[in-house]
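[1] From the sequence below, what's the structure:
(4 chains)
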There are 2 protein chains.
Amino acid sequence: MFRLSRAAEYAIRGVAYLADNNSGDAIESEKIAKAEGVPAAYLAKLFQALAKKGFVRSVRGPEGGFTLAMSPERISLLDIIEAVEGPIYLNDCLIRAGHCQRETICPVHDVWRGAQEKLLDYLRGSTFADLVASGRVKLMRARRRSCAK
Amino acid sequence: MFRLSRAAEYAIRGVAYLADNNSGDAIESEKIAKAEGVPAAYLAKLFQALAKKGFVRSVRGPEGGFTLAMSPERISLLDIIEAVEGPIYLNDCLIRAGHCQRETICPVHDVWRGAQEKLLDYLRGSTFADLVASGRVKLMRARRRSCAK
DNA sequence: CTAAATAGGACTCCTTTTATCCTAAATCAA
DNA sequence: TTGATTTAGGATAAAAGGAGTCCTATTTAG
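    Here you go, the predicted structure:
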């Protein structure tokens, strides 16, 4: 239906939390899940995938949890989406060059490629550093509004 | 999974066929289905939706079938996708303003909106007139290549 | 009247998504 | 070493959505 999966949504929220609380100490997945309001067991599983891909680092045992494995400006939304969902293809015929035998004659093909590039470029250009920054601005605005009342 | 449904893909192929064979005579859905290599009964069903939305006109009875209800440059890919799939929302929280209670504080929200606008603008800007034109260019090129062999 | 076409609904099958749960492995501290 | 805590990994189950078929009703040309 052309929609982002919950898995990706949860993973992004989780990484955003880590980026916003990037002290160096590991944070338990359960704590993150509670803070972001997502199912804990599910988030833990998603973080496994992120750890495998090298975006977060996992620490087992007491005082364990997860930390970012690189600085927030080096992680894009696209990175996390694809880590959790696999590569994005708007249409099957874009899976790889030559996969679609209609490629040379099908005019729709080019449109999909164009649309996909637009979307992917945008998501690739959005980093978690941006996200944290704009989140803080939003939070300040929300606070100001509630005080003014 | 962030992918276009087959329903939309089929519908687009069908409308593209009509746009490319826009003589004014109605064309049976079965003929279109065969030409485009899609399941006939399914395409017929999809065309019902397109007819309801006013993009194609249906003619019942012998010599019946479908024609475009407006000129190809007035129909965009987005029109057809949304006629078949319903409105596109990359993320649930974009379904309508105010639907997401995190809107004022959630920084990801703005990113989704940006990504969605990029994608929708692109699809809105791609018309079936463009599609037919580029399809004819592609066909000519393909013919030239096969003759040169 | 009959044949040909769409309209509409019901229904099935399959895949994917969204989880949950259990056991194993790692690690810290007493 | 033991026990508590936390992630790793796999199995599994429930729910939803996607893809498609089929049957009957309706329209219409000849």
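[2] So which bits of chain A are right by DNA strand C?
    With the criterion set to Cβ under 7 Å from any atom of the strand, chain A comes near DNA strand C through A:5-7, A:39-42, A:45, A:59-64, A:85. Just so you know, the C-beta spots here come from the backbone N, C-alpha and C atoms, and that holds for glycine as well.
[3] which stretches of chain A form strands?
    For chain A, the strands defined by DSSP state E cover A:56-59, A:65-68.
[4] The last one near DNA strand D at all?
    Spelled out, that is strand A:65-68. Yes - using Cβ under 7 Å from any atom of the strand, strand A:65-68 reaches DNA strand D at A:65, A:66.
[5] Adding distance to residue B:112, mean pLDDT and mean neighbour count, write the strands of chain A out as JSON lines.
    Supplementary listing: the strands of chain A in JSON lines, determined by distance: least, Cβ to Cβ, whole Å; pLDDT from 0 to 100; neighbours: other Cβ atoms under 10 Å in any protein chain shown:
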{"stretch": "strand A:56-59", "distance to residue B:112": "22", "mean pLDDT": "98", "mean neighbour count": "18"}
{"stretch": "strand A:65-68", "distance to residue B:112": "22", "mean pLDDT": "98", "mean neighbour count": "20"}
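[6] out of those, nearest to residue B:139?
    strand A:56-59 (49.5 Å; Cβ to Cβ).
[7] Quick one: low-confidence residue ranges for chain A.
    Per-residue confidence for chain A (pLDDT under 70) gives these ranges: A:95-99, A:101, A:148-149.
[8] interface residues of it facing DNA strand D?
    Proximity of chain A to DNA strand D is confined to A:1, A:28-30, A:44-45, A:47-48, A:51-52, A:58-66 under the rule Cβ under 7 Å from any atom of the strand.
[9] Could you export the longest helix seen in chain A as CSV, CA atoms only?
    Secondary structure of chain A per DSSP state H: the longest helix is helix A:128-148. The C-alpha atoms that make up helix A:128-148 are tabulated as CSV, following Å, rounded to 0.1, in the frame of the first residue of the first chain:
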residue,chain,number,x,y,z
PHE,A,128,19.7,11.8,12.7
ALA,A,129,21.7,14.8,13.5
ASP,A,130,19.1,16.9,11.6
LEU,A,131,16.4,15.0,13.4
VAL,A,132,17.8,15.7,16.9
ALA,A,133,18.3,19.3,16.1
SER,A,134,14.8,19.9,14.8
GLY,A,135,13.4,17.9,17.6
ARG,A,136,15.0,20.2,20.1
VAL,A,137,13.7,23.2,18.4
LYS,A,138,10.2,21.7,18.4
LEU,A,139,10.5,20.9,22.0
MET,A,140,11.5,24.5,22.9
ARG,A,141,8.6,25.8,20.9
ALA,A,142,6.1,23.5,22.6
ARG,A,143,7.4,24.5,26.0
ARG,A,144,7.2,28.2,25.2
ARG,A,145,3.6,27.7,24.0
SER,A,146,2.5,25.9,27.2
CYS,A,147,4.2,28.5,29.4
ALA,A,148,2.5,31.4,27.6
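[10] List the buried residues of it.
    If you call a residue buried by 16 or more other Cβ atoms under 10 Å in any protein chain shown, then helix A:128-148 has these buried ones: A:128, A:130, A:131, A:132, A:133, A:134, A:135, A:138.
[11] show me what contacts the nearest residue to residue A:43 once chain neighbours are set aside?
    With Cβ to Cβ, 6 or more residues apart in numbering or on different chains as the measure, residue A:33 is the residue that lies nearest to residue A:43, at 4.5 Å, once sequence neighbours are left out. Taking Cβ atoms under 8 Å, 6 or more residues apart in numbering or on different chains as the definition of contact, the neighbours of residue A:33 are A:14, A:39, A:40, A:43, A:44.
[12] Can you tell me which of those has the most neighbours?
    With neighbours defined as other Cβ atoms under 10 Å in any protein chain shown, the most crowded of the contacts of residue A:33 is residue A:14; it has 25 neighbours.
[13] and for stretch A:84-95, what are the contacting residues?
    A:5, A:7-8, A:11, A:46, A:49-50, A:78, A:81-82, A:99-100, A:102-103, A:106, A:109, A:112-113, A:115-116, A:119-120, B:1-4, B:9.
[14] what about burial for those, which qualify?
    Judged by neighbour count, with 16+ other Cβ under 10 Å as the criterion, the buried members of those are A:7-8, A:11, A:46, A:49-50, A:78, A:81-82, A:100, A:106, A:109, A:112, A:115-116, A:119-120, B:2-4, B:9.
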